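Enquirer: Structure for the following, please:
(one chain, ligands or ions: 2)
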Amino acid sequence: MWKIGLVGCGNVGLGLLRILEAKRGDLENRYGFTYAVTGVVDPFRGSVGDERGLDVAALLAAADGGKSFRGLGDPIDLDWLLEGRANVIAEATPTNLVDAMPGLDHIRRALAAGCHVVSTNKGPVSLALPELQALARERGVQYRIEGVLLSGTPAINLAGEALAGCDILSVQGIVNGTTNFILTRMEEGADYGAALAEAQALGYAETDPTADVEGWDAAVKAQVMANVFLGQSLAVDDVERLGISHLTGADIDAARAKGCRLKLIAEVERSGEGVRATVAPRELPLSHPLAGVSGAINALTFRTDHLGDVTIVGPGAGRVETGQALLVDLLALNR
Ligand SMILES: NC(=O)C1=CN([C@@H]2O[C@H](COP(=O)(O)OP(=O)(O)OC[C@H]3O[C@@H](n4cnc5c(N)ncnc54)[C@H](OP(=O)(O)O)[C@@H]3O)[C@@H](O)[C@H]2O)C=CC1
Ligand SMILES: N[C@@H](CC=O)C(=O)O
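Expert: Ligands and ions are numbered 1, 2, ... in the order given. Okay, the predicted model is just below:
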């Protein structure tokens, strides 16, 4: 029985709870996956626990009704979970690229306590991936991060498992759902501010959406691609980065007049001794495979030695879409 402690219950945390609740029977029948959510830690909704498992439907009803979780379990904190009441922590607090807190602290403490961690938080991956992987190995647990790239669309697990044995030479694609959504809506005539507000309402944007529109989110994903896919240790500041906040309707129209679309493209490729990582808006001809990828959909093309180009296309952001990434990592632990 998996005793799940959820830390951070915003868009993604609720997405995971929604899937767990809707699929409880299916997860048991198809995968032998049984679980109890023993605690939720979140300053906004309230931190509650029950060793026998919280009533997830009641938590979801409270969230849907704009109510706090208080009263739906005993008041708890992360320490309570780590004293044997969780064997896996699902960490989905806001990404912070400056010092990775509070997620880094949560993940360090969980791994040190012998808990597995599944997480969508990009800050700890950006600043401390080798340390956290070493700590997980030392404690005999796993730190799984499928959701940090392309939400639930398989990218990290795909490269690590389904493309095992291939050398990945370069990776190029659209890796930020919010900016792709904004550019799509601007092409349809919406203004920038309204399109960003829509992306926030749909749960695509970062807690501080500056990270999306200034290209930081795509840059950290390029960093992850360099580190995880190409084995080249880069810092987020090593990524050449330009976002989309300077683009106007006139830029969209100018691209259209040339038979092109503007897309924020992230690319990592081997160059000389190292790896070059870039994020920038590019005008793509309509015939380009990435030109037709619209809304919060993302796409990645892996250039490999054995298979040539392998392209995946799917959601890059969203509540349930990212909850799925946590679920797939939970199911991997279960296997
Ligand atoms: N949304 C998406 O589509 C995707 C998101 N991600 C990543 O997943 C993570 C979560 O994203 P999302 O759910 O959208 O973000 P939200 O801002 O919706 O939710 C984050 C939640 O974490 C809570 N929180 C803040 N500090 C703490 C703390 N110290 N302890 C416990 N909880 C805390 C916040 O509470 P409060 O509001 O009070 O601060 C909030 O409820 C981020 O790291 C994001 O980058 C990854 C892929 C896709
Ligand atoms: N804000 C991000 C969420 C997923 O990583 C995005 O829009 O892609």
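Enquirer: which bits of the stretch 201-335 of the chain sit near ligand 2?
Expert: Contacts of the stretch 201-335 of the chain with ligand 2, taken as Cβ under 6 Å from any ligand atom, map to 204, 205, 206, 212, 217, 316, 317. No exception for glycine: its C-beta is placed from N, CA and C like everyone else's.
Enquirer: Which one of these sits in the busiest neighbourhood?
Expert: Tallying neighbours with other Cβ atoms under 10 Å puts residue 316 at the head of those, with 33 neighbours.
Enquirer: Hmm, that one is touching residue 152, no?
Expert: No - look at residue 316 against residue 152 with Cβ atoms under 8 Å: they stay out of range, at 9.4 Å.
Enquirer: For ligand 1, what is the nearest residue in the stretch 151-300 of the chain?
Expert: For the stretch 151-300 of the chain, the residue closest to ligand 1 is residue 207, as judged by Cβ to the nearest ligand atom, at 3.7 Å.
Enquirer: can you give me the strands in the stretch 51-200 of the chain?
Expert: All strands of the stretch 51-200 of the chain, identified by DSSP state E, counting those that start in this stretch, fall at 74-75, 88-91, 116-119, 143-144, 168-174.
Enquirer: ok, is the longest helix along the chain in contact with ligand 1 or not?
Expert: Across the chain, the longest stretch assigned as helix under DSSP state H is helix 122-139. Yes - for helix 122-139, a contact with ligand 1 is found by Cβ under 6 Å from any ligand atom, at residue 122.
Enquirer: What separation do you get for residue 16 and residue 37?
Expert: Residue 16 is 9 Å from residue 37, where distance means Cβ to Cβ, to the nearest Å.
Enquirer: let me redo that: residue 13
Expert: Counting by Cβ to Cβ, the gap from residue 13 to residue 37 is 10 Å.
Enquirer: The two: which is more packed in?
Expert: Taking other Cβ under 10 Å, residue 13 and residue 37 do not tie; residue 13 has more neighbours (27 against 24).
Enquirer: Could I get the contacting residues of the more buried one?
Expert: 6, 40, 42, 90, 92, 323 (Cβ atoms under 8 Å, 6 or more residues apart in numbering).
Enquirer: Show me the residues you listed that map onto helices.
Expert: Checked against DSSP H, the contacts of residue 13 include these in helices: residue 323.
Enquirer: from the contacts of residue 13, which two are the most distant?
Expert: 42 and 323 (14.8 Å; Cβ to Cβ).
Enquirer: Looking only at neighbour counts, state which of these two leads.
Expert: Per other Cβ under 10 Å, whichever of residue 42 and residue 323 has more neighbours is residue 323, with 26 against 20.
Enquirer: ok, for the more buried one, nearest residue in space, not its chain neighbours?
Expert: residue 15 (2.9 Å; Cβ to Cβ, 6 or more residues apart in numbering).
Enquirer: just residue 130 next, same as before
Expert: Using Cβ to Cβ, 6+ apart, the nearest residue to residue 130 is residue 233, at 7.7 Å.
Enquirer: from memory that neighbour sits against residue 227, does it?
Expert: Yes - Residue 233 is within contact range of residue 227, at 5.8 Å (criterion: Cβ under 8 Å).
Enquirer: So which of those two has more stuff around it?
Expert: The neighbour comparison of residue 233 against residue 227 (other Cβ under 10 Å) goes to residue 227, with 20 against 13.
Enquirer: Could you check how far that one is from residue 156?
Expert: 11 Å.
Enquirer: Need the overlap of contacts for these two.
Expert: Joint contacts of residue 227 and residue 156 (Cβ under 8 Å, 6+ apart) do not exist.
Enquirer: Just the ones of the residues of the stretch 201-335 of the chain next to ligand 2 in helices?
Expert: 212, 217.
Enquirer: Including pLDDT, could the residues of the stretch 201-335 of the chain next to ligand 2 go into TSV?
Expert: As requested, these are exported to TSV (pLDDT from 0 to 100):
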residue	pLDDT
204	97
205	96
206	94
212	97
217	98
316	97
317	96
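Enquirer: Turn the residues of the stretch 201-335 of the chain next to ligand 2 into a markdown table, columns for distance to residue 275.
Expert: Below are those laid out as a markdown table (distance: Cβ to Cβ, whole Å):
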| residue | distance to residue 275 |
| --- | --- |
| 204 | 28 |
| 205 | 28 |
| 206 | 25 |
| 212 | 24 |
| 217 | 19 |
| 316 | 22 |
| 317 | 25 |
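Enquirer: Relative to residue 81, which of the residues of the stretch 201-335 of the chain next to ligand 2 is nearest.
Expert: Among these, residue 206 lies closest to residue 81 (Cβ to Cβ), at 25.3 Å.
Enquirer: what is in contact with residue 13 and residue 37 at once?
Expert: With Cβ under 8 Å, 6+ apart as the test, residue 13 and residue 37 both reach residue 6.
Enquirer: the domain parsing of the protein - what is it?
Expert: Listed by automatic domain parsing, the domain ranges of the chain are 2-152+319-334, 160-315.
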